[in-house]
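K.L.:
Pasting the sequence and the predicted model now:
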Amino acid sequence: MLEQSDVLVLAVDKIRKAIKIAKALRSTGCKAPMLLYTSRFTLPPLAKLLERGIEGLISSSSPSLKELEETIYRVAAREAGLLQQQYERTTKNLHCLTSMEGLTPKEIEILQLVASDYSDAMIAKALDLSVKTVNNRLSVIYAKLKVKTRAGAVAKAISREIIDV
């Protein structure tokens, strides 16, 4: 049984899945605040997260343990406007990152998976894309980063702090 002060941390790779889980939990009467902890760079509309009862958002690729702990406490306290602040900060950070190299959020997401040693087929499955689309996106990423290999793309992305491993 959840205590009043508990926070549910939904740690998922697929945001659609997190939204379905949040909806299912709310339908059972669960009133605990929920924090979405994800490595995904593509975010659904803020209204959809709010509608499903998600009250906090943090990227698993960036926070320190202290930042994660602070966010959990803020979600537990049901701080007003927290999700909106985090959503705006996350999308702003993504815009800064993508404008640096001209990479889209989806391309950064693919790069993060490449850095995690995913094959093209694994990336395709994880992102609901075809393998051909993944190959095409990788070619675009290589061109934008001015590299010729997966290793080169990952190394450059890490050195420019576009991704981390």
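P.N.:
Cool, the structure landed.
K.L.:
C-terminal to the lowest-mean-pLDDT helix or strand in the chain, what's the next element?
P.N.:
Here the helix or strand of the chain ranked lowest by mean pLDDT, DSSP states H and E is helix 82-101, holding a mean of 63. Reading on from helix 82-101 to the C-terminus, the next helix or strand found by DSSP states H and E is helix 105-115.
K.L.:
List the buried residues in that following helix.
P.N.:
In terms of neighbour count (16 or more other Cβ atoms under 10 Å), helix 105-115 has its buried residues at 105-115. All C-beta spots, glycine's among them, are computed from the backbone N, C-alpha and C.
K.L.:
export those residues to JSON lines and tack on pLDDT and distance to residue 64?
P.N.:
Supplementary listing: the buried residues of helix 105-115 in JSON lines, determined by pLDDT from 0 to 100; distance: Cβ to Cβ, whole Å:
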{"residue": "105", "pLDDT": "76", "distance to residue 64": "22"}
{"residue": "106", "pLDDT": "82", "distance to residue 64": "26"}
{"residue": "107", "pLDDT": "85", "distance to residue 64": "25"}
{"residue": "108", "pLDDT": "83", "distance to residue 64": "20"}
{"residue": "109", "pLDDT": "84", "distance to residue 64": "22"}
{"residue": "110", "pLDDT": "90", "distance to residue 64": "25"}
{"residue": "111", "pLDDT": "88", "distance to residue 64": "22"}
{"residue": "112", "pLDDT": "86", "distance to residue 64": "18"}
{"residue": "113", "pLDDT": "89", "distance to residue 64": "23"}
{"residue": "114", "pLDDT": "92", "distance to residue 64": "24"}
{"residue": "115", "pLDDT": "89", "distance to residue 64": "19"}
